[in-house]
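S.K.: test case, fold it:
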Amino acid sequence: MRIISVAWNIYDDRLHEFCQDCTGGGLVIKNVCEYIGRICESYLFIGQCKMPEMELGNIHIIGTESTSGLGDKCYDWKEKHLIEMSYAFEESLRNIKPDFVNFHGIGELMQRCIKICVSSNIPYAFTEHLYIGLHKRFEGYDRAVSWEKQVYNIPDINIIAVSTGMKRKIMQDFPHIPEENLWVIKNGTDFVPVQNEGNLRLEYGLENKKVLLCVGTILDRKNQCQVVRSFKLLTKLCQENIKIIFCGKDRMSGMLQDSILKNGLEDKLIYAGAVSSAEMKKYYTIADGLIMPSYAEGLSIAALEAIAYGLPVIMFEDSECVEDLNDSKVVCLAKGRSDYSLADAVNEWFLRKWDRDYIINFSKGFSMERMAKNYVEYYNKKITLSK
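M.R.: Residues are numbered from 1 along each chain as shown. Reported below is the predicted structural model:
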C-alpha cells in the first residue's frame, strides 16, 4: 500500500528548512509519516518550499524542485508558488499512483490538492491537528476559521480528528457532516523519558519547591497569561511552595514576561524561552506537573510527553483533550474558565499525592506504534469502500 501524506511543513532536526521551529503539530506529522513507513510505503509532500527527493528514515520525501518556473507568468509570488506546488502534487499522483492521500493541516494549497484528488478519483482524508472553530475566544486565526468553513463544507469529505473532544466540537459547528465521515485517531508520541535534570534546580532555585511546567509557544491561544493572574489567587501555602516555568518561543512580544514583572512574581514564575525537544527532558525530570491553559488544542503533545514522565496535568474541563485523558489519577480539571477556577485546580494539584507509576502506565496507550496502526487500518477501510 502506498500512502502520500501532504503537509505545509514538519519539524525534523535533520532538515535545515524545518529544524528551527519545533511545534507539536510539525513533530507529530513527521512521526506519523515515519511510523506509517514501517508498515507500508510512506511518501511525504511538503508544500511550504521546494524540496529535493530524499529518504528521511522510513519516509520518501517527494521531490518538487522540477516545477520551478511554471508560474512565472503570475506576478504574485504566493499565487506562483501555489500554482507550481499544485502541479508538483498532480505530477506526484501520476508517478507514485498512491492508494490513499492523507492531508495534514489546512490552507489554500491543501484545498487545491483536495480538488485534484477528487477529479482524479483518488481516496483521501483530511487530518485536523488544531481545530479553531466558529466560536473562538482568542485573537488571530481568522484565516484558519475561513479555511475550516470551506473544507468542512466539501461534499462527503472524510475527516480524522486527533482527539475525541475535537470531534465533538467539529460536530457541534458542522452538524451536516455524517458521523461516519468523522473518525478519531488519537495522537501519540515516541518521546522516551530520560531522567536528567542537569543544573536546573540550582539555576532556578527550585530546592524544596514543587514545579509546574507550562509548555508551548507563547500565544494568545495558549493563554499563558491567565496562569499569571491565577497565581495571585492561590493559597499562601501553595504560592510559597511552587514555581511555574514557561517553556516556549515568544510570539507575544514579551507580554507574558511583562505580566510576570508587573505582578512582582519574577521569583515564582520563570520564562525559560524556547527549549529544544532534547532539553525538555531536563525540565520534565525536575517537574511535578504540567499546566495546560489553552483555549484550543488538539491532543497536546506536551501533555503526552508529561504523562510519559509520570506528571499529572492541569487543564480546563472543556478542553478538547479531556475525553481522552480524563482519568482522575492523571488529570486535575478546572471547573470553568475563570481565574479562580484555574487557581482552585492548582491548589488541588499541590495538595494531592500523585502516583507517578500509574500515570506512566496510563501514558503507554498513546504510543506512535498504536497511532500508525490505527491510521493504516483506517486507510485500508476507506480504500475498500472506495472500490
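
S.K.: all contacts plus neighbour counts: C-alpha atoms, from now on.
M.R.: Noted.

S.K.: low-confidence ranges, the protein, go.
M.R.: 21-22, 68-72, 74-75 (pLDDT under 70).

S.K.: kindly recompute the last result at 80.
M.R.: 13, 16, 18-24, 67-75 (pLDDT under 80).

S.K.: that one: strands as residue ranges?
M.R.: Per DSSP state E, the chain carries strands over the ranges 2-7, 41-46, 54-56, 59-61, 100-104, 124-128, 159-161, 182-184, 210-215, 242-247, 269-273, 289-292, 313-316, 331-334.

S.K.: can you list the ones you listed in TSV and add mean neighbour count?
M.R.: Below are the strands of the chain laid out as TSV (neighbours: other Cα atoms under 10 Å):
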stretch	mean neighbour count
strand 2-7	23
strand 41-46	22
strand 54-56	13
strand 59-61	21
strand 100-104	22
strand 124-128	23
strand 159-161	24
strand 182-184	19
strand 210-215	24
strand 242-247	22
strand 269-273	18
strand 289-292	26
strand 313-316	25
strand 331-334	24
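
S.K.: let me have these in TSV, extended by distance to residue 262.
M.R.: As requested, those are exported to TSV (distance: least, Cα to Cα, whole Å):
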stretch	distance to residue 262
strand 2-7	41
strand 41-46	43
strand 54-56	47
strand 59-61	48
strand 100-104	40
strand 124-128	38
strand 159-161	40
strand 182-184	43
strand 210-215	19
strand 242-247	16
strand 269-273	12
strand 289-292	22
strand 313-316	25
strand 331-334	25
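
S.K.: residue 384 is nearest to which of these?
M.R.: The minimum distance between residue 384 and these falls on strand 100-104, with 10.8 Å, by Cα to Cα.

S.K.: what is the orientation angle of the closest one with strand 2-7?
M.R.: Orientation check (axes from the mean of the first three to the mean of the last three Cα atoms, to 10 degrees): strand 100-104 against strand 2-7 gives 20 degrees.

S.K.: tell me which residues are up against strand 100-104.
M.R.: Strand 100-104 is contacted by residues 2-8, 29, 110, 117, 122-129, 379, 383 when judged by Cα atoms under 8 Å, 6 or more residues apart in numbering.

S.K.: ok, back up a step: tell me which of the strands of the chain lies nearest to residue 257.
M.R.: Across these, closest to residue 257 is strand 269-273 (Cα to Cα), at 6.9 Å.

S.K.: who does the closest one pair up with?
M.R.: strand 242-247 (parallel) (DSSP bridges).

S.K.: now the partner strand and strand 210-215, what's the angle there?
M.R.: 20 degrees.

S.K.: how far off centre is strand 242-247?
M.R.: Centre-to-centre, strand 242-247 and its host chain are 21 Å apart (Cα atoms, centre = their mean, to the nearest Å).

S.K.: what does that strand contact?
M.R.: 206, 209-217, 268-275.

S.K.: may I have it exported as PDB, CA atoms only?
M.R.: Only the C-alpha atoms of strand 242-247 are listed here, as PDB (Å, rounded to 0.1, in the frame of the first residue of the first chain):
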ATOM      1  CA  ILE A 242       5.600  26.100  44.000                       C
ATOM      2  CA  LYS A 243       7.300  27.600  41.000                       C
ATOM      3  CA  ILE A 244       6.000  27.700  37.400                       C
ATOM      4  CA  ILE A 245       8.300  27.500  34.400                       C
ATOM      5  CA  PHE A 246       7.100  28.600  31.000                       C
ATOM      6  CA  CYS A 247       8.900  26.900  28.000                       C
END
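
S.K.: phi, psi for the residue nearest to residue 241 when sequence neighbours are not counted please.
M.R.: Spatial nearest neighbour of residue 241, excluding adjacent residues (Cα to Cα, 6 or more residues apart in numbering): residue 209 at 5.1 Å. Torsion angles at residue 209 (phi, psi; degrees, to the nearest 10) stand at phi -120, psi 150.

S.K.: what distance do you get for residue 209 to residue 243?
M.R.: Counting by Cα to Cα, to the nearest Å, the gap from residue 209 to residue 243 is 7 Å.

S.K.: next: residue 125.
M.R.: The value you get for residue 125 to residue 243, if Cα to Cα is used, is 43 Å.

S.K.: what about the residue of the chain most remote from its centre, distance to residue 101?
M.R.: Note on the chain: the largest C-alpha distance from the chain mean falls to residue 73, namely 37.1 Å (Cα atoms, centre = their mean). Per Cα to Cα, residue 73 is found 30 Å from residue 101.

S.K.: quick revisit: how many neighbouring residues does the residue nearest to residue 241 have?
M.R.: 16 (other Cα atoms under 10 Å).

S.K.: need the contact list for it.
M.R.: By Cα under 8 Å, 6+ apart, the neighbours of residue 209 are 241-243.

S.K.: what's the burial count for residue 207?
M.R.: Counted with other Cα under 10 Å, residue 207 comes out at 10.

S.K.: let me see the backbone angles for it.
M.R.: Per-residue torsions, residue 207: phi -60, psi 130 (degrees, to the nearest 10).

S.K.: that one against residue 241, yeah?
M.R.: No: assessed by Cα atoms under 8 Å, residue 207 is found out of contact with residue 241, at 9.7 Å.
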